[in-house]
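Engineer: would you be able to build a 3D model of this:
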Amino acid sequence: MTTFGEIVTKVLQRLSLVEGLDAQIYAEPRIQLAVQHKFDTMFREYWWPEYTTYQDEYVLDGSTGNITGDLTDKLNDWRDLHSVLSENSSKPLPILPLNTRITDIQAPTIVWTISNPSKMFYIAPKTTSGKVWLTYRTKPKDFEEDHEVILLDPQLLILGTCWDILEDDGTNPGASDKFRGLYQDQINQSTRMFHNMKLDTMMPNRSVSTRWW
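Structural biologist: Prediction:
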């Protein structure tokens with residue numbers, strides 16, 4: 001755990017050591033944007049435990065298919081909902097297939113909705129009642145202040161940001177390859193940590209289209 005300002009400072013320090021790179025042209029605001037971009041990319045690519053809420057309990061209202069709680073500050077994007085479990089099944093609820101009519105649904109199924117951002121989805125048939133448990137990740141707002149805390153491994157952000165900048169700059173391909181390798185090693189280490197978790201609590205790291213099954 002570290003702060004946004006500390007990450008930016010360390011990226012500048014690492015870049016200043018790269019031969020042939022004019023680190024002076026990389027002002028702090030530019031580094032801040034690069035760090036934010038790398039954070040956004042890493043957040044979407046993996047399910048980081050630091051930003052994931054496991055099986056948050058809600059109750060269906062029994063008439064509209066909605067949960068009775070508010071997801072406004074918890075779930076900001078449909079891609080951040082990992083799974084929904086109901087009290088009547090040990091398997092996650094499926095998502096409505098695009099070629100299926102809602103009126104034909106017999107078993108509880110998730111339907112996305114943009115008309116109610118505080119809910120993000122509802123369960124069809126809408127008369128479905130009982131409890132559901134949501135697993136989701138919450139993306140923090142873009143970092144602006146130096147004191148704002150970043151929960152991800154700082155070395156991942158530092159190495160990944162340096163690699164992105166050097167790749168775009170093109171001045172020192174050798175240094176770019178070096179940081180790419182260091183970043184990939186750090187990613188591999190984090191992945192191994194994921195796989196050391198108990199299988200019944202481990203989430204898919206990269207899956208988007210298959211994580212519902």
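
Engineer: how about Pro154, nearest residue that isn't a chain neighbour?
Structural biologist: Leaving aside its chain neighbours, Pro154 sits nearest to Thr2 (4.3 Å; criterion: C-beta to C-beta, 6 or more residues apart in numbering). From N, CA and C alone the C-beta is placed, and that goes for glycine too.

Engineer: what of Leu96?
Structural biologist: Nearest residue to Leu96, sequence neighbours excluded (C-beta to C-beta, 6+ apart): Val111, at 4.7 Å.

Engineer: now for the host helix or strand of the one you found, which elements pack on it?
Structural biologist: Applying DSSP states H and E as the criterion places Val111 in strand 109-112. If contacts are counted by 3 or more C-beta pairs under 8 Å, 6 or more residues apart in numbering; DSSP states H and E, strand 109-112 sits against strand 121-124.

Engineer: apply 10 Å and report the result again.
Structural biologist: The contact analysis (3 or more C-beta pairs under 10 Å, 6 or more residues apart in numbering; DSSP states H and E) places strand 109-112 against strand 81-86, strand 121-124.

Engineer: longest helix of the protein?
Structural biologist: helix 173-195 (DSSP state H).

Engineer: report the buried residues of the helix or strand hosting Arg30.
Structural biologist: In the assignment (DSSP H and E), Arg30 maps to helix 28-45. Buried residues in helix 28-45, counted by 16 or more other C-beta atoms under 10 Å: Ile31, Gln32, Ala34, Val35, Gln36, Lys38, Phe39, Met42, Phe43.
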